[in-house]
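A.B. asks: Okay, here's the prediction I keep looking at, along with the sequence it came from:
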Amino acid sequence: MNPSLRHTLTTLRSSFKSKSTTPTAVLDNVLSQFYQSESPPLNLNHFTHSSPIDLSKLKQLASESTSRYAACAPLSSIDGVPISIKANISFPPYPASASSKMLEPYIPPFSADVVQALKAGGAILVGQTNMDEFGMGSATTNSAMGPSINPLPHLHPPASSSPPNLTPGGSSGGSASSVAWRSSFASIGSDTGGSVRLPAAHTNTTGFKPTYGSISRFGLIPYASSLDTIGLIAPTPSDTKLLFDVLRGQSPNDPTSIESSLPPSSPAPLDWSTISVCLPSAYSVEEMPPSVLHIWNETAECLASLGSRVDVLGDDVLSSSTVRTSLAAYYVIACAEASSNLSKYDGVRYGSRARDEAVNYDEEYSRTREEFFGPEVKRRIACGDAVLAREGSHYLKANILRNKLRDSLNTALEQFDFILIPTQTSPPFNLDDPDVKIDQNEMMSNDLMTVGSSLAGLPSISIPVTSPSGPDFWVGMQLIGRHGDDDRLLQAAESLYLKMAEGH
Amino acid sequence: MIARCAIGLEVHAQLLTRNKLFTQSLNLPSSPPNTLLSPFDLALPGSLPVLNLDCVEKALVAATVLKCRINDTSRFERKHYFYPDNPSGYQITQNRWPIASEGVLEFGDGQKSLINRIQLETDTGKSKRAEVHGFYDDVEEDAVGTVDLDFNRAGSPLIEIVFEPDITSPSDASLAVLSLRNLLRHVSVCDGKFELGSIRCDLNVSVWHGTKDEDIPEIGGLGNRVEVKNLNSLKSIVSAATYEFSRQSALLSSSPSVPITQETRTFCKKTSRTVPMRKKESTTDYRFLPDPDLPPLVLSSIPSLCIPTLQSNIPELPSAALSRLVEQYKLPKEVASVIISSPSYISFLDTAVETAEARSKKGSRKSTGKLAANLITNVLFALVKSNVDSGAEESDSVVGPATRVTGVDVGEVVGMLNEGVITKKMGKDIITLLHEGSYEGTMSVEEVVEEHGFKVENDGGALVEVCIGVIKSGDFDVQLEQYVKGDDKKRGKMEKFFFGKVMAASRGMADAEALREALKEALGKELGGRIE
């Protein structure tokens, strides 16, 4: 790897400011990483296109940014930073495909709020990343463009054999992979039930899902509107913080967006002696391997060594049945909203349309939707239709369970500043291993660790830590904060990340 | 026991707002096709709905005049079905948590129908071929070949007013809809144009057996309800309800033990019959879902919304105005009914009367209102009507008469009439001149009077000269002969004849009383001369 690619977003910014490197130079390095991952022999398939659509424009933007740094006048803290965008975010001239055949031909006539904000901040938007179709999946295997491959084994290839093709997780698998591979220094993904946190954990990067509504969803192709958030992936927590400060805030285009007050420009360092963190016993699930339990404990010890009070949260506040049922509630709610949100794809106004002439409208819709939706999307639409039948009583019941979980988590967060749980229960599986049955239900149990903060709308960040069990298994530890307390969460995450990297 | 019917109405009214319900697109559905579109109107992925407050305000005005309870918290829901003119695959409506509930519409001669709820919702686009025979026409036929889609109307704001099934005759159903439409027009909530679909009606009919005066039983005691969709005129409402009533009564009397099939039917204008809709369409499960893109609508949390102010700005309602005009101005009911058809007419009349009374303290106040109302309904409306074809006239009543004549102008004229300084003929001429407006800029009544020399002639001597001139003109020698030789009755008759002639000779400028005196004098002279 090119040494300048060892940068994080934060160190890159300092180097731009000190003029030890330039956006133009970094773009060249990023592009060479881009071409390497997207062409033989690697074909890691992180991006939807094998090269950026508007290469000359990118180079021009990088050169303009270089001039701004030369004049000591960057537009923002992300000026000149190469950033990639998930394929479900309106980012013309790229088609907003959401990795679906349904939307392959659809080029949006408007840019997402986040894309506009990044452009206004001088970021260099290098490409569009692969994902599970419409965000439905945890492995980026449900993509019409084929699966993305986890770049970590290819960054640290074992001496004896060729590196395995592991999943990067999903649904923002292309985004997390491109950050790990440094074909971008950050990626804007989306998180409905863990879609930036799980792939970040699988790729040794940081994934941040902010408080629901704190970043505008305008231009994000919806999966489940009440759970969808823009999610951020970058090498470190402080990198996601830089991005978050550019993107946060209420938007007139999104009625569910909320005002989030900007923090003071130089916040006081976190006083760990006043901080308390809990480890809910309800998340000590049987599926969790000893290695993950071990890291969970190590991380808790690290927090204690920082000076934080660390306690186990008992079943009385957050019961394991509440956690278990919340996963069911999550799928009921997500599928119900998905079936509704995806009913607009009928082939009439945009997107793909079945060619054969149908005898009536219903048949025409069926043909289009049968031909252009992938199997997992169809499965979730069918589930959603079922739970919404008869006045949506299942949906309403699922919301009762959701409220119960939210109340429990909020109660825990009244007693503690943060919750610490692992991001995943299992390591990334091998895409080529014929013995690995890609069982959708098993993958869903991974989601158990991440859907809680989605259901409760709480900010949550997955921090990369190294597993003692070997280089094939990268683990993420997840800190969950109070509603709207994103700034302290990011501060704590950065502090924990640095301490863990030190080997505490 | 006789067959009786219970009819429930569901009325959709397009709101008169600048923008659509959830986008900044203009709410002008009859603009050239597909010219009023925002990303959300076409359900482009990633677009989101943003509620426009003026639509909420119109719904609240409707809720107020229909005496509904306003719900501080309401929720938008998605109602799902696939149709080419329904871009998102769902309509945004308020099914379980409406903005207003439990109201009443009063109509006719003391009848009323209870309102279950008022819900804010979006309209669909238009599919051109389907609209030829009504919106829910048979899909199979339409699907062959192409269908033209116009999404201008997609997302336009509607209120749906859902009534209880408590109307007992087809004619009352139509009367209720007419009253509702007039009321909504009156308060500028909806322009109420059936022919353009800005007000549309569905109804449900249940038939039951009872005595003539028996109250309608609770829902369970009624027969199964049959819904009839998309009635776009008062005539269709009567025809559809009448047809359903007789169809169901016939079924019930031929086989009383077989319940009426609960179904949705559609009205065919050509045959004046209702026909069942396709099973599939009428049994659709709409899979209602609280819209996760829209937070609950909490009225008390909207700083710029002040419901009491909104309510105090609602104009005087037609029923109240009718009694006031009859009481205050002593208007005949027929004249008052014309005036109350629009709030702008009412304020026009009020302004006219106020102006006239301020102007002439000596004027006869009793007749001021009547005089002004007559000038407005007889003179001014006739002028307006002659300018526009009857189609356009309908719309004018919402914004006020299409004339540059103001209430103050009419008041000035009435004042002058009361003072006796002009004649009725002059009054009519002044209003005509102002309406036709051949002047640059505006001209006051005084200026018109000045320019045209409108002044009543009441100089006795001069009038006698006019009368003598007519009598002696030679044109009326026969009539004069009859007068001279006639008895008192004949003379009276001929006096009237000559009065018309001398009034014409004065070009309507003479004061009628003074002229009558002058004519008497002139005729008396003639008579005396003959005798002498």
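C.D. replies: Okay, I see it.

A.B. asks: So which bits of chain B are right by chain A?
C.D. replies: Those residues of chain B that sit near chain A, judged by Cβ under 8 Å from any Cβ of the partner chain, are B:39, B:42-51, B:78, B:80, B:82-84, B:87-90, B:96, B:139-140, B:142-144, B:149, B:280, B:285, B:287-289, B:292-295. (Glycine included, C-beta is placed from N, CA and C.)

A.B. asks: Drop anything exposed from these.
C.D. replies: Among these, those scoring as buried are B:39, B:42-51, B:78, B:80, B:82-84, B:87-90, B:139, B:142-143, B:149, B:287-289, B:292-294 (criterion: 16 or more other Cβ atoms under 10 Å in any protein chain shown).

A.B. asks: re earlier: of the residues of chain B next to chain A, which belong to strands?
C.D. replies: Per DSSP state E, strands hold the following members of the residues of chain B next to chain A: B:Arg78, B:His80, B:Tyr90, B:Leu149, B:Leu289.

A.B. asks: which stretches of the stretch 51-200 of chain B aren't confidently modelled?
C.D. replies: Where the stretch 51-200 of chain B drops to pLDDT under 70, the residues are B:129-145.

A.B. asks: Quickly check the ones in strands among the residues of chain B next to chain A for the two that are furthest apart.
C.D. replies: Greatest spatial distance in those: B:Leu149 and B:Leu289, 24.7 Å, computed using Cβ to Cβ.

A.B. asks: Kindly tell me how buried residue 61 is, as a neighbour count.
C.D. replies: You didn't say which chain, so I picked chain A. By the measure other Cβ atoms under 10 Å in any protein chain shown, the count of residues near A:Leu61 is 20.

A.B. asks: wrong one, I was asking about chain B
C.D. replies: B:Val61: 21 neighbours (other Cβ under 10 Å).

A.B. asks: Tell me who's in contact with it.
C.D. replies: B:Val187, B:Ser188, B:Val189, B:Leu310, B:Gln311, B:Ile314 (Cβ atoms under 8 Å, 6 or more residues apart in numbering or on different chains).

A.B. asks: Drop anything exposed from those.
C.D. replies: B:Val187, B:Ser188, B:Val189, B:Ile314.

A.B. asks: How about the secondary structure of the last one?
C.D. replies: Here B:Ile314 takes the coil state, with states given by DSSP: H, G, I helix; E, B strand; the rest coil.

A.B. asks: And the pLDDT at it?
C.D. replies: Per-residue pLDDT puts B:Ile314 at 92.

A.B. asks: Pretty sure it sits against B:Ser188.
C.D. replies: No - the criterion here is Cβ atoms under 8 Å, and B:Ile314 misses it with B:Ser188 at 9.4 Å.

A.B. asks: Could you pull out the strands in the stretch 301-450 of chain A for me?
C.D. replies: Assigned by DSSP state E, counting those that start in this stretch, the stretch 301-450 of chain A shows strands spanning A:309-313, A:418-422.

A.B. asks: what do you get for the stretch 1-150 of chain B?
C.D. replies: Listed in chain order, the strands of the stretch 1-150 of chain B (DSSP E, counting those that start in this stretch) span B:2-14, B:69-70, B:73-74, B:77-80, B:90-93, B:100-107, B:111-122, B:126-127, B:149-150.

A.B. asks: With distance to A:Val317 as extra columns, can I get those in CSV?
C.D. replies: Formatted as CSV, the strands of the stretch 1-150 of chain B follow (distance: least, Cβ to Cβ, whole Å):
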stretch, distance to A:Val317
strand B:2-14, 49
strand B:69-70, 40
strand B:73-74, 30
strand B:77-80, 34
strand B:90-93, 38
strand B:100-107, 40
strand B:111-122, 41
strand B:126-127, 55
strand B:149-150, 55
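
A.B. asks: quick one, helices of the stretch 151-300 of chain B?
C.D. replies: B:170-186, B:234-254, B:279-282 (DSSP state H, counting those that start in this stretch).

A.B. asks: who's in contact with residue 194?
C.D. replies: In the absence of a named chain, chain A is used. A:Ser138, A:Lys209, A:Thr423, A:Asn446, A:Asp447, A:Met449, A:Thr450, A:Val451, A:Ser454.

A.B. asks: wrong chain, I was asking about chain B
C.D. replies: Counting by Cβ under 8 Å, 6+ apart, B:Phe194 makes contact with B:Arg181, B:Arg200, B:Asn232, B:Ser233, B:Leu234.

A.B. asks: ok, for the residue nearest to the spatial centre of chain B, nearest residue in space, not its chain neighbours?
C.D. replies: Closest residue to the average C-alpha location of chain B: B:Asn182 at 4.5 Å, with Cα atoms, centre = their mean. Leaving aside its chain neighbours, B:Asn182 sits nearest to B:Pro318 (6.5 Å; criterion: Cβ to Cβ, 6 or more residues apart in numbering or on different chains).

A.B. asks: wait, doesn't the one you found sit right on B:Arg185?
C.D. replies: No - B:Pro318 lies out of contact with B:Arg185 (Cβ under 8 Å); the separation is 9.7 Å.

A.B. asks: ok, now how distant is B:Gly524 from chain A?
C.D. replies: Distance, B:Gly524 to chain A, by Cβ to the nearest Cβ, to the nearest Å: 87 Å.

A.B. asks: where does that residue land on pLDDT?
C.D. replies: At B:Gly524, the pLDDT value in this model is 79.

A.B. asks: go on, the one 4 residues further on?
C.D. replies: We have a pLDDT of 72 for B:Gly528.

A.B. asks: want to throw the ones in strands among the residues of chain B next to chain A into a markdown table with distance to A:Glu494?
C.D. replies: Converted to a markdown table, these look like this (distance: Cβ to Cβ, whole Å):
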| residue | distance to A:Glu494 |
| --- | --- |
| B:Arg78 | 41 |
| B:His80 | 45 |
| B:Tyr90 | 43 |
| B:Leu149 | 52 |
| B:Leu289 | 39 |
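
A.B. asks: A:Leu293: which of these is nearest?
C.D. replies: Comparing these against A:Leu293 with Cβ to Cβ picks out B:Leu289 as the nearest, at 39.4 Å.

A.B. asks: Excluding sequence neighbours, find me the nearest residue to the closest one.
C.D. replies: Spatially, and ignoring its direct neighbours in sequence, B:Leu289 is nearest to B:Arg78 (4.7 Å; Cβ to Cβ, 6+ apart).

A.B. asks: That neighbour contacts B:Gln94, doesn't it?
C.D. replies: No - the criterion here is Cβ under 8 Å, and B:Arg78 misses it with B:Gln94 at 10.8 Å.

A.B. asks: give me every residue that touches the residue in chain B positioned nearest to chain A.
C.D. replies: Relative to chain A, the nearest point of chain B is B:Gly89 (2.8 Å; Cβ to the nearest Cβ). The contact partners of B:Gly89, by Cβ under 8 Å, 6+ apart, come to A:Ser340, A:Ser343, A:Lys344, A:Asp346, B:Ala43, B:His80, B:Tyr81, B:Phe82.

A.B. asks: which ones are touching the closest residue to the fourth one other than its chain neighbours?
C.D. replies: Right, the one you point to is A:Asp346. Excluding its sequence neighbours, the residue lying closest to A:Asp346 (Cβ to Cβ, 6+ apart) is A:Tyr365, at 5.1 Å. By Cβ under 8 Å, 6+ apart, the contact set of A:Tyr365 is A:Asp346, A:Gly347, B:Phe82.

A.B. asks: Turn those residues into JSON lines, including distance to B:Asp215.
C.D. replies: Shown next, in JSON lines, are the contacts of A:Tyr365 (distance: Cβ to Cβ, whole Å):
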{"residue": "A:Asp346", "distance to B:Asp215": "48"}
{"residue": "A:Gly347", "distance to B:Asp215": "53"}
{"residue": "B:Phe82", "distance to B:Asp215": "42"}
